[in-house]
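*Asks:* Here is my input; please provide its structure:
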Amino acid sequence: MEIAAKETHTKANGHSSQMHEKSKKVITDEVKSMLVSHLTSETTTSVDDMVTLANRAFTTLNWFGADYGSFYKDVKDLIAYEYDLLTLDRKLDMSSVSELEKKYLDVVIFADDIEEEIEHI
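*Replies:* Coordinates of the predicted model:
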């Protein structure tokens with residue numbers, strides 16, 4: 001009788017353990033999905049915010065003991081890509097300003113040249 005009780009207890013714990021693993025996988029998959037959703041949304045534009053969200057998600061995944069090695073690399077690459085895009089946008093904005101300044105100087109020089117020609121008439 002004692003052996004049968006232990007077997008039943010083991011089977012119950014095995015089932016409970018299986019349910020626990022399935023629940024854990026559902027939760028960790030949802031954490032990953034939510035992180036990707038936030039990182040790819042247009043409302044999250046700050047790289048600092050992206051890093052904060054990622055760190056919180058990885059803390060949660062770590063707490064659940066999830067294996068997230070390749071996911072971590074993908075998220076890190078995504079954030080680096082977003083950083084590069086933001087940096088490029090800033091450079092483009094700055095070059096646009098430089099181009100406008102150059103055009104302005106060209107117009108000023110042209111106006112000066114016309115003024116000199118008018119003075120010689």
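*Asks:* Counting by contacts, list what the host helix or strand of residue 118 packs against.
*Replies:* Assigned by DSSP states H and E, residue 118 belongs to helix 69-120. Counting contacts by 3 or more Cβ pairs under 8 Å, 6 or more residues apart in numbering; DSSP states H and E, helix 69-120 is packed against helix 2-40, helix 47-63. No exception for glycine: its C-beta is placed from N, CA and C like everyone else's.
*Asks:* okay, these, which one's buried deepest?
*Replies:* Greatest average neighbour count among these goes to helix 47-63 (a mean of 14), per mean count of other Cβ atoms under 10 Å.
*Asks:* For that one, enumerate the helices and strands it packs against.
*Replies:* Using 3+ Cβ pairs under 8 Å, 6+ apart: helix 47-63 touches helix 2-40, helix 69-120.
*Asks:* what about that helix, average pLDDT?
*Replies:* Average pLDDT, helix 47-63: 94.
*Asks:* now stretch 98-113
*Replies:* The model assigns stretch 98-113 a mean pLDDT of 75.
*Asks:* Run the chain-centre distance for it.
*Replies:* 41 Å (Cα atoms, centre = their mean, to the nearest Å).
*Asks:* In TSV: the helices and strands packed on helix 69-120, plus distance to residue 106.
*Replies:* Output for the helices and strands packed on helix 69-120, formatted as TSV (distance: least, Cβ to Cβ, whole Å):
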stretch	distance to residue 106
helix 2-40	42
helix 47-63	36
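*Asks:* of all those, which lies closest to residue 109?
*Replies:* helix 47-63 (40.4 Å; Cβ to Cβ).
*Asks:* before we move on, the earlier item: got the angle between the helix holding residue 118 and helix 47-63?
*Replies:* With axes from the mean of the first three to the mean of the last three Cα atoms, to 10 degrees as the basis, helix 69-120 and helix 47-63 are set at 180 degrees to each other.
*Asks:* and helix 69-120, how far from the chain's centre?
*Replies:* 25 Å.
*Asks:* okay, the helices and strands packed on helix 47-63 in JSON lines with distance to residue 61 next?
*Replies:* Listed next are the helices and strands packed on helix 47-63 as JSON lines, based on distance: least, Cβ to Cβ, whole Å:
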{"stretch": "helix 2-40", "distance to residue 61": "6"}
{"stretch": "helix 69-120", "distance to residue 61": "8"}
